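[1] could you look at this predicted model? Sequence included:
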Amino acid sequence: MRIKRAVVTFLVLFAAGTGYALEPSEILIIANADVPVSVEIAEYYCAKRQVPNSNILSLPLGTGISQTIARKDYDEKLAGPIRKKLNENEFAGKIKCLLTIYGVPIKVEGRGQLKGQEDKLRQLEKLVEQKKETLKRLQQNGASDSNEQKHELNEELIRLQSDIDYITGRETGAAVDSELAMVLFGDYELYRWQPNKLKYKLPYWDQKSLMVCRLDGPGTDIVRGLIDKALTAEKTGLNGVAYIDSRGIADFNKPYSFGYYDQSLRDLAELIKTRTKMPVVEENTPALFGPGQCPHTAIYCGWYSLKKYIDSFDFVDGAIGYHISSWEAVDIRDPNTTQWCPAMLSHGIAATLGAVAEPYLFAFPEPKEFFAELLDGYCLVEAYYHTSPFNSWQMVLIGDPLYKPFPRH
C-alpha cells in the first residue's frame with residue numbers, strides 16, 4: 001500500500017513538472033518604466049496573448065536603452081523588486097516564466113573581487129609563478145621520464161588558476177535573463193554557471209527555478225513582429241523548409257565534443273524528416289549555406305561562422321532557429337551588426353537564441369533535443385528550459401515564450 005501511495009505521489013509530482021503547459025497567467029512581464037515603448041510592448045503582448053495587465057511589472061531602469069547593468073543595480077533595481085513581486089499573495093507560487101522586454105538590460109556585470117581574500121590571492125599567484133618556473137625547467141630538460149610530472153604540473157596550474165579566477169570574479173557576468181532564472185534561490189555562488197534544474201522535464205520539487213524569455217531586437221517593429229509572426233504561424237501552421245548545416249565531423253562518443261554536436265545536427269535532420277512533412281536541406285561539409293540559398297526557411301540550425309552572418313535565408317512567418325557560435329547575442333539591438341542573433345531577427349526570424357559572452361560549446365541546447373521538444377508540442381520557453389544545461393550563465397532566448405510552432409492536436 002505504501003509503495004502504491006509513493007508511486008501515485010511521484011506521478012502527481014511528475015505531472016506537475018511536465019504535464020501542464022505554460023499558461024498566459026503564469027507569465028510575469030518585466031518592462032522598463034523609464035522607456036515608454038517598453039511598457040507599450042508589454043501591454044501589446046498582454047493584449048495579444050491574454051496575459052492580465054496586472055502581470056506587468058514596470059521598473060525604473062533608466063531612460064537609456066542600456067545593454068549592461070552593474071551587479072549592484074541588478075540586485076537592487078531588478079532582482080530585488082522581482083523577488084518581492086513574486087512573493088506577493090497574488091503571485092506567490094503561481095509564476096513559472098518571466099518575460100523581459102526591450103528596454104531591460106541584457107547583460108549583468110560580474111561581481112568583482114571577493115573581499116577579505118587578498119592574502120590568499122597573493123599566495124595563489126606566487127604558487128602559480130613557482131609552478132610555471134618548475135614546468136619551464138622540465139620542458140628545457142626534455143627528458144621523457146618527466147612527462148608525467150609535466151602533466152601533473154599543468155593540471156595543478158589549471159586548478160590554481162581556477163581558484164584565482166573565483167576570487168577575482170572572472171566569469172561571473174551573465175545574461176540578465178539567465179541570472180533571473182534563479183531569482184528565487186537567494187544567495188548562490190556566482191562563478192561560471194549553475195545547473196538548470198528544469199532540464200529534462202524533471203519534477204518541480206524545488207519550486208524555485210523560473211523560465212525566462214525575452215522580446216527584444218534591432219528595433220521596436222521587429223520586437224512586435226516576434227509576437228505577430230508567432231501568432232500567424234500558430235494559426236496557419238509553420239510551413240517552409242528546414243535547413244540544417246553540419247560540418248561533416250565524425251561522431252564522437254564524448255558528450256559535448258565537436259563531433260557530438262555535429263551528429264546532433266545530422267540527427268535533427270532525420271528527426272524532422274521522420275516527424276514532419278517539411279522538406280529538409282542539409283549542408284554537411286565545412287562550408288556554410290551561401291547567400292540566397294535558403295528560400296522559405298522555417299527551421300534553421302547550424303554552425304560555425306563567428307559573428308559573420310550570411311544572408312542565406314528567406315524566413316517565413318514563425319521561423320525558428322539558432323546558430324551555434326560564441327558572442328552572437330552581444331549586440332541584439334544593433335541593426336548593423338553581423339552577429340547572428342540580431343541579423344536573423346532583422347531578416348525576419350521569429351525565435352532564436354545565443355550568447356552574450358563566451359558560453360563554451362556545452363552551454364548550447366543540443367539541436368536534436370531542443371527541436372524534439374518543439375515537435376512534441378511544447379512552447380518555445382519550455383523547449384529551451386527542458387534542454388538548456390545552465391542558468392546564471394551567458395545564454396539568452398529571444399521570442400514569444402508561448403509560441404508553439406508544432407502544437408499538440
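    Cool, the structure landed.

[2] hang on, K368 is in a helix, isn't it?
    Yes: applying DSSP: H, G, I helix; E, B strand; the rest coil, one finds K368 inside a helix.

[3] quick one, helices of the chain?
    Assigned by DSSP state H, the chain shows helices spanning 2-18, 36-49, 71-73, 80-86, 118-141, 147-168, 176-180, 220-236, 258-275, 340-346, 367-375, 380-385.

[4] need the CA coordinates for the fifth one. PDB is fine.
    To tie it back to what came earlier, the one meant is helix 118-141. What follows is helix 118-141, C-alpha atoms only, in PDB (Å, rounded to 0.1, in the frame of the first residue of the first chain):
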ATOM      1  CA  GLU A 118      43.800  39.400  -0.700                       C
ATOM      2  CA  ASP A 119      46.300  37.300   1.200                       C
ATOM      3  CA  LYS A 120      45.000  34.100  -0.300                       C
ATOM      4  CA  LEU A 121      45.100  35.600  -3.800                       C
ATOM      5  CA  ARG A 122      48.800  36.700  -3.400                       C
ATOM      6  CA  GLN A 123      49.700  33.200  -2.200                       C
ATOM      7  CA  LEU A 124      47.900  31.600  -5.100                       C
ATOM      8  CA  GLU A 125      49.600  33.900  -7.600                       C
ATOM      9  CA  LYS A 126      53.000  33.200  -6.000                       C
ATOM     10  CA  LEU A 127      52.300  29.400  -6.300                       C
ATOM     11  CA  VAL A 128      51.400  29.800 -10.000                       C
ATOM     12  CA  GLU A 129      54.700  31.500 -10.700                       C
ATOM     13  CA  GLN A 130      56.600  28.800  -8.900                       C
ATOM     14  CA  LYS A 131      54.900  26.000 -10.800                       C
ATOM     15  CA  LYS A 132      55.400  27.800 -14.100                       C
ATOM     16  CA  GLU A 133      59.200  28.100 -13.400                       C
ATOM     17  CA  THR A 134      59.300  24.400 -12.500                       C
ATOM     18  CA  LEU A 135      57.400  23.500 -15.700                       C
ATOM     19  CA  LYS A 136      59.800  25.700 -17.700                       C
ATOM     20  CA  ARG A 137      62.800  23.800 -16.400                       C
ATOM     21  CA  LEU A 138      61.300  20.400 -17.100                       C
ATOM     22  CA  GLN A 139      60.500  21.500 -20.700                       C
ATOM     23  CA  GLN A 140      64.000  22.700 -21.200                       C
ATOM     24  CA  ASN A 141      65.300  19.400 -19.800                       C
END
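
[5] what's stretch 137-154 in contact with?
    With CB atoms under 8 Å, 6 or more residues apart in numbering as the test, stretch 137-154 has contacts from 131, 134-135. Backbone N, C-alpha and C define where each C-beta goes, glycine included.
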